[in-house]
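Chemist: This is the structure alone, sequence omitted:
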């Protein structure tokens with residue numbers, strides 16, 4: 001049987017809760033999934049939710065057992081050490097080590113893909129891990145000539161030229177080479193899931209896509225040359241299209257995916273449309289990674305009211321990829 005991994009995320013957030021809720025909603029996933037996270041935390045939520053799961057602590061090199069929930073615990077600790085609902089260095093350390101263990105398992109082909117529950121960037125940094133988020137961790141430890149963040153929903157799909165950087169730096173990263181690279185990643189990813197010739201729209205960086213250089217020349221110098229080069233490779237690419245209209249056109253079905261220039265340009269429309277069901281995908285690497293498109297939600301952690309819909313969608317898309 002093929003297995004996929006789920007990293008439980010920051011143990012102080014809603015990750016453990018939504019992970020168990022996802023397995024409870026789809027019992028067939030219990031034999032297919034290997035969880036990466038703190039066993040004592042999972043046992044606590046198992047009791048609180050009244051699910052009755054039986055956990056098996058998986059040793060290195062051991063074959064996953066059937067009829068139980070297999071768990072890899074990279075940093076064992078007692079639940080009393082966890083501060084639910086608060087940022088902590090311990091939470092950041094457990095989240096990072098869980099992701100690293102899952103990447104190692106994927107590279108060793110123990111699992112076919114990794115689904116990630118949310119971690120907290122502040123906690124990650126408190127623990128001494130200088131990464132901006134999951135995308136950058138996977139970029140550091142998996143392999144591939146280039147990678148990008150892709151947000152996936154039924155209504156809209158968006159891939160990003162830049163993500164976790166300042167807005168000022170994002171403008172500098174908008175180069176012909178990077179835009180062309182991301183267009184190719186969009187094309188390759190949609191081809192993998194069955195699109196014959198994906199229709200790709202490229203958003204402008206500046207208001208009105210620069211208005212022929214009046215509001216900025218990045219479109220003229222970098223984005224348009226990247227689009228032309230992609231078209232010459234046989235891809236169906238249009239743009240640059242003003243960012244205040246391109247997402248509406250995508251929602252209306254004119255395009256299959258939109259290339260956004262920076263984090264909020266792509267995240268805002270996607271989260272408005274599909275906050276509970278959107279999926280975050282890291283594309284371009286030799287490890288398939290999908291994720292919820294929401295945070296650790298410390299404000300509701302431990303209250304047993306978190307929604308597992310995005311995690312279920314991430315599992316579904318991960319299996320598809």
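Modeler: In hand now; what should we look at? Bear in mind the structure is a predicted one, so any value in this text is a computation, not a measurement.
Chemist: surely residue 77 meets residue 91?
Modeler: No: here residue 77 does not reach residue 91: they are 10.5 Å apart, not a contact under CB atoms under 8 Å. (Glycine included, C-beta is placed from N, CA and C.)
Chemist: and these two? which has more neighbours close in?
Modeler: residue 91 (30 against 16; other CB atoms under 10 Å).
Chemist: Give me the buried stretch members for the strand or helix carrying residue 271, please.
Modeler: Element membership of residue 271, judged by DSSP states H and E, is helix 263-274. By 16 or more other CB atoms under 10 Å, the buried positions in helix 263-274 come out as 263, 265-267, 269-271, 273-274.
Chemist: ok, residues contacting it?
Modeler: Here helix 263-274 makes contact (CB atoms under 8 Å, 6 or more residues apart in numbering) with 151, 153-156, 158-160, 162-165, 170, 203, 243, 247, 251, 258, 260, 278, 293.
Chemist: In PyMOL, how would I select just the buried ones from those residues?
Modeler: The PyMOL selection below is limited to those of these classed as buried (16+ other CB under 10 Å):
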select buried, resi 151+153+156+158+159+160+162+163+164+170+203+243+247+258+260+278+293
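Chemist: Just to be sure, which of the contacts of helix 263-274 are found in helices?
Modeler: Members of those lying in helices (criterion: DSSP state H): 170, 243, 247, 251.
Chemist: Closest one to residue 51 out of the residues you listed, please.
Modeler: residue 251 (37.7 Å; CB to CB).
Chemist: the strands in this protein, which residues?
Modeler: Remark: strands of the chain, listed N- to C-terminal, are 4-7, 33-36, 55-57, 69-72, 114-116, 148-152, 157-160, 199-203, 236-241, 257-260, 279-283, 289-292; assignment by DSSP state E.
Chemist: In CSV: those strands, plus distance to residue 127.
Modeler: CSV is the format used below for those (distance: least, CB to CB, whole Å):
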stretch, distance to residue 127
strand 4-7, 15
strand 33-36, 16
strand 55-57, 23
strand 69-72, 19
strand 114-116, 17
strand 148-152, 22
strand 157-160, 26
strand 199-203, 35
strand 236-241, 40
strand 257-260, 30
strand 279-283, 21
strand 289-292, 19
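Chemist: Right, I'll leave it there.
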